[in-house]
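Enquirer: Here is my input; please provide its structure:
(2 chains)
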Amino acid sequence: QKEVEQDPGPLSVPEGAIVSLNCTYSNSAFQYFMWYRQYSRKGPELLMYTYSSGNKEDGRFTAQVDKSSKYISLFIRDSQPSDSATYLCAMSAIWITGGGNKLTFGTGTQLKVEL
Amino acid sequence: GAGVSQSPRYKVAKRGQDVALRCDPISGHVSLFWYQQALGQGPEFLTYFQNEAQLDKSGLPSDRFFAERPEGSVSTLKIQRTQQEDSAVYLCASSPRGGEGTQYFGPGTRLTVL
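Expert: Numbers count the residues shown, from 1 in each chain, chains lettered A, B, ... in the order given. This next block holds a predicted model:
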């Protein structure tokens, strides 16, 4: 069993919908949680970063972490066709400033927002 | 400013050939990471450098994989005697000193072994 589980989709939603993306994990040492967006044939781009449990909001994006359930979520409000991409959750057990924060990724969820 | 660049973007190798993949991190970034991303999967950690020191190589899948960063900037990932299972996208990421540790990824090199 993988340390991080993520439904690969694909997930198709109409423009303007609220999108919910989720990951579960098994390693209780994970403390830092990230969501990356990856367009086709591009490298991952950091969207959200959260430490420990709680919520974080940035524009149309909200990240939630529930460490007691080992469950993290990313919500996208007012989804746009430009949001169509693969969304990867990633986690790290430590966070050394400027240091070796080895990331463990989920498989990614492919999202398509249709006009 | 320039981001992380990788070359070549695409590489086709015959099984058994050696390949070398290059990463140019963002100028001044101390930390450099290599990840392997198989088709339909998330990236998997291979190795980590802090300046020229390779501090973690626990993710390298076999002794055919070798990485170096001799002057603490450009890094090369070398794969000897390539096998079909090495076909993947190889991603490089760098992270600044004093930053929050965010990793900035390059576009990757797509390696296909025939």
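Enquirer: Going by C-alpha atoms from here, please, whenever you check contacts or count neighbours.
Expert: Will do.
Enquirer: helix or strand right after the least confident helix or strand in chain B by mean pLDDT?
Expert: Ranked by mean pLDDT, DSSP states H and E, the weakest helix or strand in chain B is strand B:53-56, scoring a mean of 90. Counting by DSSP states H and E, the next helix or strand C-terminal to strand B:53-56 is strand B:65-68.
Enquirer: sorry, back to before: the least confident helix or strand of chain B pairs with which strands?
Expert: When pairing is defined by DSSP bridges, strand B:53-56 lines up against strand B:44-50 (antiparallel).
Enquirer: neighbouring contacts of the strand it pairs with?
Expert: Applying CA atoms under 8 Å, 6 or more residues apart in numbering or on different chains, the contact partners of strand B:44-50 are A:99-100, A:102-105, B:30-37, B:54-61, B:67, B:69, B:72.
Enquirer: Could I get the average pLDDT for it?
Expert: For strand B:44-50, mean pLDDT is 94.
Enquirer: Residue A:5: how many residues sit nearby?
Expert: Residues near residue A:5, counting by other CA atoms under 10 Å in any protein chain shown, number 18.
Enquirer: on contacts alone, who are the packing partners of the host helix or strand of it?
Expert: Using DSSP H and E, residue A:5 maps to strand A:4-6. When contacts are defined as 3 or more CA pairs under 8 Å, 6 or more residues apart in numbering or on different chains; DSSP states H and E, strand A:4-6 packs onto strand A:19-25.
Enquirer: Break down chain B into its strands, ranges please.
Expert: Counting by DSSP state E, the segments of chain B that form strands are B:5-7, B:10-13, B:19-24, B:29-37, B:44-50, B:53-56, B:65-68, B:75-79, B:88-96, B:104-105, B:109-113.
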